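Participant: Predicted model and sequence follow; I will ask about them next.
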Amino acid sequence: GPGVKNSIADVLPILSKMLENMKAQPLHLCHRLDKETTGLMVLARSEEAAEQIRLLFKTRQVEKMTLAPNYCLAPEDGKVLKIRKKRDAESAVTRFRVLGSSSACSLLELQPITGVKHQIRVHLAYGLGCPVLGDHKYSHWSKLAPQKLPEITLRRLKLAQSKARHVPLHLHALRLSLPLRQRVELFCKPPPFFQKTLKKLQLDVANE
(Lines give C-alpha, C1' and ligand atoms only; values in the text may rest on other atoms or scores of the structure.)
Protein backbone atom coordinates (compact mmCIF):
# COMPACT_ATOMS: atom_id res chain seq x y z
CA GLY A 1 0.00 0.00 0.00
CA PRO A 2 0.97 3.70 -0.02
CA GLY A 3 3.99 4.54 2.11
CA VAL A 4 5.21 0.94 2.35
CA LYS A 5 8.83 0.73 1.18
CA ASN A 6 8.90 -3.02 0.49
CA SER A 7 5.57 -4.51 -0.55
CA ILE A 8 4.55 -7.97 -1.74
CA ALA A 9 3.95 -6.51 -5.22
CA ASP A 10 7.68 -5.76 -5.50
CA VAL A 11 8.66 -9.41 -5.13
CA LEU A 12 5.97 -11.00 -7.33
CA PRO A 13 8.24 -11.28 -10.42
CA ILE A 14 10.94 -13.00 -8.33
CA LEU A 15 8.42 -15.27 -6.61
CA SER A 16 6.95 -16.44 -9.93
CA LYS A 17 10.43 -17.40 -11.17
CA MET A 18 11.11 -19.32 -7.96
CA LEU A 19 7.86 -21.26 -8.35
CA GLU A 20 8.10 -21.83 -12.12
CA ASN A 21 11.21 -20.89 -14.06
CA MET A 22 13.13 -17.87 -15.24
CA LYS A 23 10.68 -17.31 -18.12
CA ALA A 24 7.57 -17.36 -15.93
CA GLN A 25 5.10 -14.50 -16.13
CA PRO A 26 4.67 -12.38 -12.97
CA LEU A 27 1.96 -13.40 -10.52
CA HIS A 28 -0.98 -11.08 -9.90
CA LEU A 29 -2.06 -9.76 -6.50
CA CYS A 30 -5.75 -10.40 -5.73
CA HIS A 31 -6.12 -8.53 -2.43
CA ARG A 32 -4.08 -6.85 0.30
CA LEU A 33 -3.19 -7.35 3.93
CA ASP A 34 -2.52 -4.53 6.36
CA LYS A 35 1.13 -3.79 6.96
CA GLU A 36 2.57 -6.14 9.64
CA THR A 37 -0.36 -8.57 9.36
CA THR A 38 0.72 -12.15 8.71
CA GLY A 39 -1.12 -14.96 6.96
CA LEU A 40 -2.85 -15.83 3.72
CA MET A 41 -2.34 -13.95 0.46
CA VAL A 42 -4.09 -15.00 -2.74
CA LEU A 43 -2.11 -14.69 -5.97
CA ALA A 44 -3.24 -15.53 -9.50
CA ARG A 45 -1.31 -16.71 -12.56
CA SER A 46 -3.32 -14.53 -14.94
CA GLU A 47 -4.83 -11.05 -14.82
CA GLU A 48 -8.20 -12.51 -15.78
CA ALA A 49 -8.24 -14.85 -12.80
CA ALA A 50 -7.01 -12.06 -10.54
CA GLU A 51 -9.87 -9.79 -11.63
CA GLN A 52 -12.39 -12.54 -10.91
CA ILE A 53 -11.05 -13.03 -7.39
CA ARG A 54 -10.77 -9.28 -6.76
CA LEU A 55 -14.45 -8.98 -7.61
CA LEU A 56 -15.27 -11.64 -5.01
CA PHE A 57 -13.40 -9.64 -2.37
CA LYS A 58 -14.98 -6.36 -3.49
CA THR A 59 -18.52 -7.78 -3.35
CA ARG A 60 -17.81 -9.40 0.04
CA GLN A 61 -18.30 -12.97 -1.16
CA VAL A 62 -15.02 -14.19 0.38
CA GLU A 63 -15.26 -15.54 3.93
CA LYS A 64 -12.27 -14.36 5.97
CA MET A 65 -11.18 -15.57 9.40
CA THR A 66 -8.47 -13.77 11.35
CA LEU A 67 -6.70 -14.77 14.56
CA ALA A 68 -5.75 -12.21 17.21
CA PRO A 69 -4.67 -12.40 20.86
CA ASN A 70 -5.64 -9.33 22.85
CA TYR A 71 -4.30 -8.39 26.25
CA CYS A 72 -7.53 -8.36 28.23
CA LEU A 73 -10.49 -10.68 28.56
CA ALA A 74 -13.07 -10.30 25.80
CA PRO A 75 -16.84 -10.47 26.41
CA GLU A 76 -19.23 -13.11 25.14
CA ASP A 77 -18.85 -15.00 21.86
CA GLY A 78 -20.44 -14.27 18.55
CA LYS A 79 -21.07 -10.62 19.08
CA VAL A 80 -21.29 -8.38 16.03
CA LEU A 81 -19.26 -5.19 16.34
CA LYS A 82 -20.31 -2.06 14.48
CA ILE A 83 -18.29 1.09 14.92
CA ARG A 84 -16.99 4.13 13.05
CA LYS A 85 -13.64 5.76 13.77
CA LYS A 86 -15.26 9.13 12.97
CA ARG A 87 -18.86 10.29 12.72
CA ASP A 88 -18.67 10.59 8.92
CA ALA A 89 -16.61 7.43 8.40
CA GLU A 90 -17.80 4.29 6.64
CA SER A 91 -19.61 1.81 8.88
CA ALA A 92 -17.88 -1.52 9.48
CA VAL A 93 -19.04 -4.88 10.84
CA THR A 94 -17.01 -7.68 12.45
CA ARG A 95 -18.14 -10.96 14.01
CA PHE A 96 -15.95 -12.66 16.60
CA ARG A 97 -15.74 -15.62 18.92
CA VAL A 98 -13.43 -16.41 21.82
CA LEU A 99 -11.20 -19.42 21.12
CA GLY A 100 -9.50 -19.41 24.49
CA SER A 101 -8.70 -17.31 27.54
CA SER A 102 -6.06 -17.22 30.23
CA SER A 103 -5.43 -14.83 33.07
CA ALA A 104 -3.13 -12.85 30.77
CA CYS A 105 -4.95 -12.73 27.46
CA SER A 106 -7.81 -13.82 25.20
CA LEU A 107 -7.53 -15.40 21.77
CA LEU A 108 -10.17 -14.33 19.27
CA GLU A 109 -11.23 -15.56 15.86
CA LEU A 110 -12.65 -12.66 13.89
CA GLN A 111 -14.69 -12.52 10.71
CA PRO A 112 -14.74 -9.09 9.05
CA ILE A 113 -18.05 -8.74 7.19
CA THR A 114 -17.05 -5.43 5.64
CA GLY A 115 -13.63 -4.42 4.35
CA VAL A 116 -12.76 -1.10 5.96
CA LYS A 117 -9.08 -0.25 6.49
CA HIS A 118 -7.77 -1.45 9.90
CA GLN A 119 -11.29 -2.61 10.72
CA ILE A 120 -10.40 -5.43 13.12
CA ARG A 121 -7.83 -3.34 14.95
CA VAL A 122 -10.25 -0.44 15.44
CA HIS A 123 -13.10 -2.72 16.52
CA LEU A 124 -11.02 -4.49 19.15
CA ALA A 125 -9.40 -1.31 20.46
CA TYR A 126 -12.35 1.08 20.42
CA GLY A 127 -15.34 -1.30 20.29
CA LEU A 128 -14.26 -3.85 22.93
CA GLY A 129 -11.50 -1.90 24.64
CA CYS A 130 -9.19 -4.88 24.02
CA PRO A 131 -6.51 -3.92 21.48
CA VAL A 132 -4.69 -6.57 19.48
CA LEU A 133 -1.42 -7.58 21.14
CA GLY A 134 1.36 -5.49 19.60
CA ASP A 135 -0.97 -2.88 18.10
CA HIS A 136 0.81 0.30 19.09
CA LYS A 137 -1.23 2.44 16.68
CA TYR A 138 -4.68 1.87 18.20
CA SER A 139 -3.88 1.16 21.85
CA HIS A 140 -4.49 4.75 22.95
CA TRP A 141 -7.37 7.07 22.10
CA SER A 142 -5.48 10.34 21.95
CA LYS A 143 -1.83 9.56 21.34
CA LEU A 144 0.55 7.31 19.42
CA ALA A 145 2.59 5.41 22.01
CA PRO A 146 3.78 1.87 22.80
CA GLN A 147 1.11 -0.46 24.10
CA LYS A 148 0.85 -0.57 27.89
CA LEU A 149 0.50 -4.21 28.87
CA PRO A 150 -0.87 -5.63 32.16
CA GLU A 151 1.71 -6.90 34.62
CA ILE A 152 0.62 -10.52 34.25
CA THR A 153 0.98 -10.35 30.46
CA LEU A 154 4.46 -8.86 30.80
CA ARG A 155 5.45 -11.66 33.22
CA ARG A 156 4.21 -14.36 30.86
CA LEU A 157 6.08 -12.78 27.97
CA LYS A 158 9.16 -12.24 30.19
CA LEU A 159 9.15 -8.64 29.08
CA ALA A 160 9.66 -5.25 30.73
CA GLN A 161 7.13 -2.53 29.90
CA SER A 162 9.98 -0.44 28.49
CA LYS A 163 10.45 -3.16 25.84
CA ALA A 164 6.75 -3.44 24.93
CA ARG A 165 7.32 -1.26 21.87
CA HIS A 166 9.18 -4.21 20.31
CA VAL A 167 6.19 -6.59 20.51
CA PRO A 168 5.05 -7.11 16.88
CA LEU A 169 1.44 -6.94 15.78
CA HIS A 170 -0.22 -10.30 16.43
CA LEU A 171 -2.86 -10.31 13.71
CA HIS A 172 -2.97 -13.32 11.42
CA ALA A 173 -5.12 -14.05 8.35
CA LEU A 174 -5.92 -17.65 9.21
CA ARG A 175 -8.55 -18.82 6.69
CA LEU A 176 -10.09 -17.79 3.39
CA SER A 177 -13.05 -19.39 1.63
CA LEU A 178 -13.51 -18.47 -2.03
CA PRO A 179 -16.73 -19.32 -3.94
CA LEU A 180 -15.19 -20.24 -7.28
CA ARG A 181 -16.54 -23.06 -9.51
CA GLN A 182 -15.96 -25.20 -6.47
CA ARG A 183 -15.52 -23.56 -3.08
CA VAL A 184 -11.82 -23.23 -2.30
CA GLU A 185 -10.81 -23.40 1.37
CA LEU A 186 -7.38 -22.02 2.28
CA PHE A 187 -5.56 -22.19 5.62
CA CYS A 188 -2.26 -20.75 6.87
CA LYS A 189 -0.95 -21.58 10.33
CA PRO A 190 0.46 -18.70 12.39
CA PRO A 191 4.19 -17.95 12.06
CA PRO A 192 6.65 -19.18 14.71
CA PHE A 193 6.78 -15.91 16.69
CA PHE A 194 2.97 -15.90 16.91
CA GLN A 195 2.82 -19.53 18.08
CA LYS A 196 5.58 -18.87 20.61
CA THR A 197 3.59 -15.96 22.06
CA LEU A 198 0.44 -18.09 22.33
CA LYS A 199 2.40 -20.74 24.21
CA LYS A 200 3.81 -18.18 26.65
CA LEU A 201 0.33 -16.78 27.24
CA GLN A 202 -1.07 -20.31 27.70
CA LEU A 203 -3.38 -19.94 24.72
CA ASP A 204 -3.74 -22.88 22.35
CA VAL A 205 -5.05 -22.85 18.81
CA ALA A 206 -5.90 -26.16 17.17
CA ASN A 207 -3.75 -27.15 14.22
CA GLU A 208 -5.74 -27.57 11.02
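Facilitator: That came in fine, so what should we check first?
Participant: which residues does Thr38 contact?
Facilitator: Counting by C-beta atoms under 8 Å, 6 or more residues apart in numbering, Thr38 makes contact with 171-173, 190-191, 194. Where C-beta positions appear, they are placed from N, C-alpha and C, glycine not excepted.
Participant: Most neighbours of all those, which one?
Facilitator: When neighbours are taken as other C-beta atoms under 10 Å, the top entry among these is Leu171 (26 neighbours).
Participant: That residue against Arg121, yeah?
Facilitator: Yes. With contact defined as C-beta atoms under 8 Å, Leu171 reaches Arg121; the gap is 7.0 Å.
Participant: Now the common contact residues for those two.
Facilitator: Looking at what touches both Leu171 and Arg121 (by C-beta under 8 Å, 6+ apart), the common residues are 34, 132, 135.
Participant: neighbours of the first one, just the number please.
Facilitator: Asp34: 14 surrounding residues under other C-beta under 10 Å.
Participant: quick one: pLDDT of it?
Facilitator: With respect to pLDDT, Asp34 scores 85.
Participant: Next: the last one.
Facilitator: Looking at Asp135, its pLDDT is 94.
Participant: Let me know the secondary structure of it.
Facilitator: Remark: Asp135 carries the secondary structure label coil [criterion: DSSP: H, G, I helix; E, B strand; the rest coil].
Participant: likewise the first one?
Facilitator: Reduced to three states with three-state DSSP, the structure at Asp34 is coil.
Participant: residue boundaries of the helices in the chain?
Facilitator: Taking DSSP state H as the criterion, the chain contains helices spanning 8-19, 47-58, 119-122, 151-157, 192-200.
Participant: Now do the second one: which elements does it pack against?
Facilitator: The one in question is helix 47-58. In terms of contact count using 3 or more C-beta pairs under 8 Å, 6 or more residues apart in numbering; DSSP states H and E, helix 47-58 is assigned the packing partners strand 28-29, strand 43-44, strand 172-179.
Participant: Contacts for it, please.
Facilitator: Contact partners of helix 47-58, identified using C-beta under 8 Å, 6+ apart, comprise 28-31, 42-44, 62, 115, 178-180.
Participant: of those, buried ones?
Facilitator: 28-31, 42-44, 62, 178 (16 or more other C-beta atoms under 10 Å).
Participant: Just flag the most distant two among the residues you listed.
Facilitator: Pairwise distances across the buried ones among the contacts of helix 47-58 (C-beta to C-beta) peak at 16.1 Å, for the pair His28 and Val62.
Participant: okay, the shared contacts of Leu171 and Arg121 in CSV with distance to Asp204 next?
Facilitator: Conversion of the shared contacts of Leu171 and Arg121 to CSV gives the following (distance: C-beta to C-beta, whole Å):
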residue, distance to Asp204
Asp34, 25
Val132, 18
Asp135, 22
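Participant: and which of the residues you listed is nearest to Lys148?
Facilitator: Sorting those by distance to Lys148 puts Asp135 at the head of the list, at 11.9 Å, by C-beta to C-beta.
Participant: Could you check how far Ala44 is from Leu128?
Facilitator: Relative to Leu128, Ala44 is positioned 35 Å away (criterion: C-beta to C-beta, to the nearest Å).
Participant: All set now, cheers.
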